[in-house]
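Trainee: Fold the stuff below for me.
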Amino acid sequence: MSVPNYAAAVALGVVQGALVAMPRRGALDLLGRLRSPAWAAVLPGSILLGTFGPLAVPSSARWLPEAVALAALPLAAVAVLAVVRCPRAWTLALALAAMVLATLVGTRAGEPSATVITALACLALGAVLARLIPAAWMLAAVLSMAIADAALLGCGAGQPAAALIAGATGPHMAVFDSIRIRQLTLDYPDLVLAATLGAFLADQRGRHGGAVLVAALTAGCFLLTPRGGIWPATVPLALTLLALRAARLPHLIASLRRGVGSPDPAGA
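Mentor: Purely as a prediction, here's the structure:
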């Protein structure tokens, strides 16, 4: 890799880390009444749909990015108003400027603006999923998504689907289904998973450490991937959640022991 590509890998790592760090506490809490274990299937399902959908129905390689593009601006507005921790006035001004540039320019020159809109849209979706998926099911959902992602890329099923989608988007079309910096790309499911993890950790200790770990692992994976290779970007997020769970394990065991040894029946 060249020096600019090293910089691109670090920048994409920072993007993933920022998506983990940016959700505010209690974002979209009203959706909690719809919480169900069934929503945990959405994370691995998005990987399966994005892979086998274009292969089974080639026309979906065109309308999937178009559907994402249509939903990008409303989702970005939700993120600005209800999800992002930054001051709303500054975030709204940035989002409006990015929207205008990405819509009017729509070419490579508009990629930074499209990146802002894409990140905001993913933050909104991530907050929704973090409220719909029960906490007890989050680890299973994230791990199953990472395993599915790695398995599909390992067996070679992911590359043809990605090529179909890339070929279906025109060069003058504003793209909101990924974030690209030079030759490196973070796809939509990877970004949504980072935002989901961030919204899930927003009310917990270790959120900032998790964001730093995600950024470091993502950048490291890009740096270690051979030229022309593809690395499942969901894996650093799954490893981060596993690490945070492992770090809390001694505290949970100690709490259980104190509860078992308590003479108070209610405490036990």
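Trainee: Sketch out the low-pLDDT regions of this protein for me.
Mentor: Applying pLDDT under 70 to the chain flags the ranges 1, 60-61, 87-112, 158-175, 228-229, 249-268.
Trainee: Could you pull out the helices in it for me?
Mentor: Secondary structure of the chain by DSSP state H: the helices cover 3-21, 42-56, 60-82, 88-104, 111-132, 135-154, 158-168, 188-201, 207-224, 235-260.
Trainee: Which neighbouring elements make contact with the third one?
Mentor: Right, helix 60-82. Packing partners of helix 60-82 (3 or more CB pairs under 8 Å, 6 or more residues apart in numbering; DSSP states H and E): helix 42-56, helix 88-104, helix 111-132, helix 158-168. Heads up, the C-betas are built off the backbone N, CA and C, glycines and all.
Trainee: how about the CA coordinates for that helix, as CSV?
Mentor: Output of helix 60-82 as CSV, limited to C-alpha atoms (Å, rounded to 0.1, in the frame of the first residue of the first chain):
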residue,chain,number,x,y,z
SER,A,60,-32.0,-5.4,-7.4
ALA,A,61,-28.4,-4.3,-7.9
ARG,A,62,-29.9,-1.1,-9.3
TRP,A,63,-32.8,-0.5,-7.0
LEU,A,64,-31.1,-1.4,-3.7
PRO,A,65,-28.7,1.6,-4.0
GLU,A,66,-31.6,3.8,-5.2
ALA,A,67,-33.7,2.9,-2.2
VAL,A,68,-30.8,3.6,0.1
ALA,A,69,-30.3,7.0,-1.6
LEU,A,70,-34.0,7.9,-1.2
ALA,A,71,-33.9,7.1,2.5
ALA,A,72,-30.6,8.8,3.1
LEU,A,73,-31.9,12.4,3.5
PRO,A,74,-34.9,11.6,5.8
LEU,A,75,-32.7,9.3,8.0
ALA,A,76,-30.0,12.0,8.1
ALA,A,77,-32.6,14.5,9.4
VAL,A,78,-33.6,12.0,12.1
ALA,A,79,-30.0,11.6,13.1
VAL,A,80,-29.4,15.4,13.4
LEU,A,81,-32.6,15.9,15.4
ALA,A,82,-32.6,12.9,17.7
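Trainee: Which of the helices of the chain sits closest to residue 31?
Mentor: Across the helices of the chain, residue 31 has its closest neighbour in helix 111-132 (4.0 Å, CB to CB).
Trainee: Next, the angle helix 42-56 makes with the closest one.
Mentor: Going by axes from the mean of the first three to the mean of the last three CA atoms, to 10 degrees, helix 111-132 is angled at 130 degrees with respect to helix 42-56.
Trainee: Buried residues in helix 111-132, which are they?
Mentor: Residues of helix 111-132 classed as buried under the neighbour-count rule (16 or more other CB atoms under 10 Å) are 111, 113-132.
Trainee: distance between it and the chain's centre?
Mentor: 8 Å (CA atoms, centre = their mean, to the nearest Å).
Trainee: Which strands and helices lie in contact with it?
Mentor: Partner elements for helix 111-132 (3+ CB pairs under 8 Å, 6+ apart): helix 3-21, helix 42-56, helix 60-82, helix 88-104, strand 178-181, helix 188-201.
Trainee: Relative to residue 241, which of those is closest?
Mentor: So among the helices and strands packed on helix 111-132, helix 188-201 is nearest, using CB to CB, at 6.3 Å.
Trainee: which secondary structure elements does that closest one contact?
Mentor: So helix 188-201, by 3+ CB pairs under 8 Å, 6+ apart, packs with helix 3-21, helix 42-56, helix 111-132, helix 135-154, strand 178-181, helix 207-224, helix 235-260.
Trainee: just these: most buried one?
Mentor: helix 111-132 (a mean of 25; mean count of other CB atoms under 10 Å).
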